[in-house]
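Structure for this input, please:
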Amino acid sequence: ARAEEREREREERGVEVMPRDSTTLTFVIVGGETPIYECEIKAGAKKEETVNYLHEFVLHASLDNVDEAIWTTQSCYLKQVDRYYDLTVSAYATSSLVKFLLLHDSKNDDGIRSFFHDIHEYFIKIMLNPFHTQTTKITSKHFDEKVKLLAQKYLL
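The predicted structure follows:
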């Protein structure tokens, strides 16, 4: 009911809203120009493939904005780098220029910063493996569980 009220308010103000049934967070790690980890955290209804492709497209399109933002700040957390309707892309860049991207619909800036910081710590542990490079896909189930746990803790 509260979500419907917010949607009506946005329509009255002229803000376009992307239709969807529930909250979806899409998190991607990009090493170089290659996505090495993707995770979709969904609270609510079942998964829709068209939304998945749309989220991937929005995140991919925001990479140019991330590249520009990296050189304008000394902080790893780049905050909001792009918007698509009521969805926001927040970014974090490591010192080795690996990019963490999060597509979300909330204004939880402190939670997003903490999420990125904790994910960075786990990412460093993965990178300490001598057989893992910046462009090798992350397939660890433990890492996947940690990402979902941190998303539940900070973002949902």
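
what's around residue 35, how many residues?
Residue 35 is flanked by 18 other residues according to other Cβ atoms under 10 Å. (Each C-beta comes from the backbone N, C-alpha and C, glycine too.)

Torsion angles phi and psi at it?
Backbone geometry at residue 35, expressed as degrees, to the nearest 10, gives phi -70, psi 120.

Could you do residue 131 as well?
Dihedral angles (degrees, to the nearest 10) for residue 131: phi -90, psi 0.

cool, residue 42 as well?
Here residue 42 shows phi and psi, under degrees, to the nearest 10, equal to phi -120, psi 130.

Okay, it and residue 24: tell me how far apart.
As judged by Cβ to Cβ, to the nearest Å, residue 42 and residue 24 stand 5 Å apart.

between these two, who's got more neighbours?
residue 24 (21 against 18).

Now for that one: which residues touch it?
Counting by Cβ atoms under 8 Å, 6 or more residues apart in numbering, residue 24 makes contact with 40-43, 51, 55, 103, 105.

Just the buried subset of the residues you listed, please.
Buried members of the contacts of residue 24, scored by 16 or more other Cβ atoms under 10 Å, are 40-42, 51, 55, 103.

Residue 153: what secondary structure?
Judged by DSSP: H, G, I helix; E, B strand; the rest coil, the three-state class of residue 153 is helix.
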